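Enquirer: Need coordinates for the below:
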Amino acid sequence: MRLSNVVHVGGRICRLFGPAFAVPAAVAACYGEWSDVPGFLLGGVVTGGLGQLAVVASRDADEELRRIEALSVVAGVWLVLAFLCSIPYVWVGFGIVDALFESMSGITTTGATILTDYTAPGRGLFFWRAMTQWIGGMGVITLVVAVLPRLAHGVHQLFFAEAPGPTAERLAPQIRKTAASLWRLYAGLTAVEALALALAGMSWYDAVCHAMTTLSAGGFSPHPQSIQGYDSAAVEWIVCLFMLLAGASFALQYRAIAGRPGVLLRDDELRVYALVVALATAALAALLWRVETDDAPLRRAVFQVLSILTTTGYASADFGLWADRTQLVLLALMFIGGCAGSAAGGPKVLRHLIAGRFTLCELRRTLHPRGVLPIRVGGRVVPDEVIRSVLVFFLFYVLAFAIGAGVVVAFGEDIETAVTAAAATLGNIGPGFGEVGPMASFAGLHPVSKVTLIAAMWIGRLEVVTVLALVRPEVWAVARWRGARS
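Expert: From the prediction side, this is the model:
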């Protein structure tokens, strides 16, 4: 692995990200929050300066990335940007660990928060929380690929290293055009939702913040009671629609809008996604009606099913107070996630579909040991390497979940809090149950637990295997500044 290439491309990405800090600075200035403005400007200067320093130090790099180098760029950029995005939080008085927790939660679109007093931060900071989720939702690297045409062959490696899910799709022969098409769709849907929420009665500021954190499946809200605080059925239904879209493949949506709506009906993953939404909604609505005596069981069920399944993490009710059997539906959804190629986190519906068909195939193989039994998704045979990657992913996902929950329990939390905190951060969902419920926060956890969950958010956004590939000793044994082969 050639470290100069990794540093050079990472530096260019940081240099490009630096000006983003000017947007929340302008928002803070518009609302007269002048004391917060230097924090954003400092973050921009440090980010841009660090990027420029990295570019200059590695100016002899050729930018043509190999697979392991692309993985290193993606993993490193997400980690470094989380530290850099924490600068405005530190400026306004957050502790280092809390600032990094909030920053990592934003950039990975997790939505877990350590905030307890929503009156203390200014509007610029709340906008920054929403903006980091919006950028992270489609992907930092995808944005860079769309606007930096000079990354040569590294574009291909970077794009597919970051793409969520076991497979990635092209919409155009050139990866850069694919990334640009996805970002146009993403920005367009965000604008439509912001307009719809404003017409439903939200202020423009709240509408824009919620549009960014809905399409990104992030869930950060400027209201301490999340969507419940607006007490509006219209707002809830609008958010439901866009959460549904955020959890579906953006590439598939683009094809449908471009004149091929039939792809929606033919896509196996989308059909399973819709089936999970329907079945979970029916089960949760029945429980809310019979057990919780909710006055709007269907609306509440649709909202919370979509919120947890798509890993958005909004709350239209305090589901932390629901009975155990009602919460069980939401807990199961935490381990499913949205579609591959969407903004949603979690294991992804496609992986469950592949694993399920592989299991059925192996059961049939016991009766027909010599039979040729290919696994098909969408009419295409799934390659063996994809099946292996799915099984490895689930193995290490469960292992990472168990370690995270174990650490939280070891540092004083009850099992309900620990299990759901680990699931919510690794799956990039946001709220859990118990002490980390939808109307609570992660502020009371031990610092070691917070650091562990910060790592879980990072690992979950990179979908586990990327991080594991980089901790292999042989990767670093051959690493050189220049010239080494991976």
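
Enquirer: When you work out contacts or count neighbours from here on, use the C-alpha atoms and nothing else.
Expert: Noted.

Enquirer: May I have the secondary structure class of residue 132?
Expert: helix (DSSP: H, G, I helix; E, B strand; the rest coil).

Enquirer: again with residue 432
Expert: coil.

Enquirer: does it really touch residue 440, like I thought?
Expert: No. Counting by C-alpha atoms under 8 Å, residue 440 is not a contact partner of residue 432; they are 9.2 Å apart.

Enquirer: Tell me which of those two has more neighbours.
Expert: Neighbours of residue 432 and residue 440, each counted by other C-alpha atoms under 10 Å, are more numerous for residue 432; the result is 32 against 22.

Enquirer: Now the phi/psi pair for that one, please.
Expert: Residue 432 adopts backbone torsions of phi -120, psi -140, taken as degrees, to the nearest 10.

Enquirer: can you tell me which residues contact it?
Expert: By C-alpha atoms under 8 Å, 6 or more residues apart in numbering, the contact set of residue 432 is 320, 417, 420-421, 423-424, 438.

Enquirer: what does residue 246 give?
Expert: Each residue near residue 246 by C-alpha under 8 Å, 6+ apart is listed here: 214-217, 310, 342-344.

Enquirer: Any idea how many residues pack against residue 476?
Expert: Per other C-alpha under 10 Å, the neighbour tally for residue 476 reads 13.

Enquirer: swap in the one 4 residues further on?
Expert: Residue 480 has 14 neighbours, counted by other C-alpha under 10 Å.

Enquirer: Quick check: beta-bridge partners of it?
Expert: According to DSSP bridges, the residues that bridge with residue 480 are residue 2.

Enquirer: Secondary structure class of the residue lying closest to residue 440 once chain neighbours are set aside, three-state.
Expert: Nearest residue to residue 440, sequence neighbours excluded (C-alpha to C-alpha, 6 or more residues apart in numbering): residue 116, at 7.5 Å. Recorded secondary structure, residue 116: coil (three-state DSSP).

Enquirer: on that earlier part again, list just the nearest of the contacts of residue 246 to residue 17.
Expert: When the contacts of residue 246 are compared for distance to residue 17 (C-alpha to C-alpha), residue 216 comes out closest, at 17.7 Å.

Enquirer: Give the full set of residues in contact with that closest one.
Expert: Residues near residue 216 by C-alpha under 8 Å, 6+ apart: 109, 133-138, 246, 312, 343-344.

Enquirer: how does it look with 10 Å?
Expert: Residues in contact with residue 216 (C-alpha atoms under 10 Å, 6 or more residues apart in numbering) are 108-110, 130-139, 186, 190, 210, 242-243, 246-247, 310-312, 342-345.

Enquirer: Please, where are all the helices along the stretch 301-450 of the chain?
Expert: With helices called from DSSP state H, counting those that start in this stretch, the stretch 301-450 of the chain shows them at 324-333, 349-367, 384-410, 415-426, 447-461.

Enquirer: Residue 290: which of these is closest?
Expert: Residue 290 lies closest to helix 324-333 among the helices of the stretch 301-450 of the chain, at 10.3 Å (C-alpha to C-alpha).

Enquirer: do you know how far residue 390 is from residue 46?
Expert: Going from residue 390 to residue 46 by C-alpha to C-alpha, to the nearest Å gives 39 Å.

Enquirer: got it, and residue 298?
Expert: For residue 298, the distance to residue 46 - C-alpha to C-alpha - is 48 Å.

Enquirer: cool, residue 323 as well?
Expert: Distance of residue 323 to residue 46, given as C-alpha to C-alpha: 48 Å.

Enquirer: Compare these two (neighbour count), which wins?
Expert: Shown here are residue 323 and residue 46; by other C-alpha under 10 Å, residue 46 has more neighbours (17 against 13).

Enquirer: so the more buried one touches residue 80, yeah?
Expert: No. Between residue 46 and residue 80 there is no contact under C-alpha atoms under 10 Å: 11.6 Å.

Enquirer: Between those two, which contacts overlap?
Expert: Common neighbours of residue 46 and residue 80 (C-alpha under 10 Å, 6+ apart) are residue 14.

Enquirer: With pLDDT as extra columns, can I get the contacts of residue 432 in CSV?
Expert: Below are the contacts of residue 432 laid out as CSV (pLDDT from 0 to 100):
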residue, pLDDT
320, 91
417, 96
420, 97
421, 97
423, 97
424, 97
438, 94
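
Enquirer: ok, so of the residues you listed, who is nearest residue 377?
Expert: Among these, and counting by C-alpha to C-alpha, the member closest to residue 377 is residue 423, at 27.4 Å.

Enquirer: picking up where we left off before, pick out the most distant pair among the contacts of residue 246.
Expert: Pairwise over the contacts of residue 246, using C-alpha to C-alpha, the maximum falls at 214 and 342, 12.1 Å.

Enquirer: Now for the two: what residues contact both?
Expert: Common neighbours of residue 214 and residue 342, counting by C-alpha under 10 Å, 6+ apart, are 137, 245-247, 310.
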